[in-house]
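# got a sequence here, can you model it:
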Amino acid sequence: MPLPVALKLELAVRGELQAQIEREKLIWRRSTTTAIRQQTRGTILAFRQNTKQVLSDRTRSGGARGVANAWRSRIYPERGLSDDPAGFLYTKAPEVISNLEFAQTITPKAGRSFLAIPTVQAQNFVKRGTRITGTGRRRTSRLSPANFPTQRFGRLRFVPTKRGGVLVADNLRPTFSRKTRQQSGIRRAGPNSRNKGRSVVMFVLVRQVRPRRKTRFREIFLQRGANIPRQIASLYENAVRQSRETTVGRAA
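Residues are numbered from 1 along each chain as shown. Down below sits the predicted model:
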């Protein structure tokens with residue numbers, strides 16, 4: 001027996017309503033996951049920028065970039081969508097960041113006289129060594145006088161200064177890219193080299209680092225966290241509106 005027209009219409013409406021509900025559930029998962037990912041990445045970039053500002057004011061060397069880039073983030077789930085995504089922020093230099101957060105003086109570890117801060121030259125052109133961790137992962141070692149590649153650049157020479165000193169590598173010359181003609185690295189000057197080698201400062205040695213201003217980590221974190229609900233609502237409302245307009249257009 002054929003179904004009445006009214007019942008067919010009711011079933012059609014129910015089916016379309018259920019389909020729309022499922023579409024909006026998917027939109028919700030996409031909106032929340034997108035907002036968490038964007039705000040987490042934005043927070044990491046803001047943390048790194050603030051760390052550079054605080055350290056650069058004091059050290060005036062390339063070490064600020066290394067500490068800033070120690071900030072890391074993880075987003076759960078790593079792939080796909082979720083009703084309850086989460087972002088996790090952490091740093092691979094917790095002691096330094098803790099000292100910066102509370103504006104504490106950073107001093108050398110026990111048994112050491114100086115803090116060795118890599119210069120911009122060292123950060124840009126000296127390749128750091130790698131090591132294999134217990135889990136089998138390859139990790140890049142932080143550049144320091146202990147792992148400085150002396151076989152490539154020669155032994156470091158100590159030069160005293162009023163505040164501490166510097167470690168320099170002698171008889172080095174710059175190398176340039178053939179495409180961009182910009183400096184791409186440094187190397188030891190050979191005996192028959194046209195360009196004479198020069199001394200390059202690789203590390204600045206200081207007895208302590210005292211930040212002149214505090215970090216803004218807490219302020220940045222709270223501000224970014226407050227943006228999440230608004231961003232989710234905006235993404236969700238815009239996507240739902242487009243979905244409903246598409247559904248109405250098909251029905252018409």
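# hey, let's count contacts and neighbours off CA atoms from now on
Fine.
# just the element for residue 20, please.
Following DSSP states H and E, one finds residue 20 within helix 5-59.
# what is the next helix or strand after that helix packed up against?
Moving toward the C-terminus from helix 5-59, the next helix or strand (DSSP H and E) is helix 63-68. In terms of contacts (3 or more CA pairs under 8 Å, 6 or more residues apart in numbering; DSSP states H and E), helix 63-68 is packed against helix 5-59, helix 120-125.
# excluding sequence neighbours, find me the nearest residue to residue 90.
Spatial nearest neighbour of residue 90, chain neighbours left out: residue 72 (5.4 Å); criterion: CA to CA, 6 or more residues apart in numbering.
# that neighbour: how many residues sit nearby?
The number of residues packed near residue 72 is 17, by other CA atoms under 10 Å.
# repeat for residue 203
28.
# I'd say it and residue 118 touch.
Yes - between residue 203 and residue 118 a contact is recorded at 4.4 Å, counting by CA atoms under 8 Å.
# for this protein, longest strand please?
Counting residues, the longest strand in the chain under DSSP state E turns out to be strand 164-176.
# wait, what's in contact with residue 202?
Residues near residue 202 by CA atoms under 8 Å, 6 or more residues apart in numbering: 118, 119, 121, 122, 166, 167, 168, 169.
# ok, the second one touching residue 203?
Yes - counting by CA under 8 Å, residue 119 does reach residue 203; the two are 5.5 Å apart.
# got JSON lines for the contacts of residue 202, with pLDDT too?
Shown next, in JSON lines, are those (pLDDT from 0 to 100):
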{"residue": "118", "pLDDT": "83"}
{"residue": "119", "pLDDT": "82"}
{"residue": "121", "pLDDT": "76"}
{"residue": "122", "pLDDT": "79"}
{"residue": "166", "pLDDT": "89"}
{"residue": "167", "pLDDT": "90"}
{"residue": "168", "pLDDT": "90"}
{"residue": "169", "pLDDT": "87"}
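# who wins for neighbours among those?
Within the contacts of residue 202, most neighbours by other CA under 10 Å means residue 118, with 26 neighbours.
# so that one touches residue 200, yeah?
No - using CA under 8 Å, residue 118 is not in contact with residue 200; the gap is 11.6 Å.
# pLDDT weak spots in the stretch 151-252 of the chain?
In the predicted model of the stretch 151-252 of the chain, residues 184, 190-195, 211-213, 247-252 satisfy pLDDT under 70.
# now the strands for it?
Using DSSP state E, counting those that start in this stretch, the strands of the stretch 151-252 of the chain run over residues 156-160, 164-176, 183-188, 198-206.
# buried ones in the shortest one, by neighbour count?
Yep, that's strand 156-160 we're talking about. Of the residues in strand 156-160, residue 156 count as buried by neighbour count, 16 or more other CA atoms under 10 Å.
# same question for the last one.
Along strand 198-206, the positions that meet the burial threshold by neighbour count (16+ other CA under 10 Å) are 200, 201, 202, 203, 204, 205, 206.
# and those, which is closest to residue 66?
Checking those against residue 66 with CA to CA, the nearest one is residue 203 at 13.0 Å.
# got the contact list for that closest one?
Shown in contact with residue 203 (CA under 8 Å, 6+ apart): 116, 117, 118, 119, 122, 145, 166, 167, 168.
# any chance of these in a markdown table, plus distance to residue 237?
Output for these, formatted as a markdown table (distance: CA to CA, whole Å):
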| residue | distance to residue 237 |
| --- | --- |
| 116 | 52 |
| 117 | 49 |
| 118 | 49 |
| 119 | 49 |
| 122 | 50 |
| 145 | 55 |
| 166 | 58 |
| 167 | 58 |
| 168 | 59 |
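# for residue 199, give its distance to residue 124.
Noted for residue 199: a distance of 16 Å to residue 124, by CA to CA, to the nearest Å.
# do residue 178 as well
When distance is defined by CA to CA, residue 178 is 18 Å away from residue 124.
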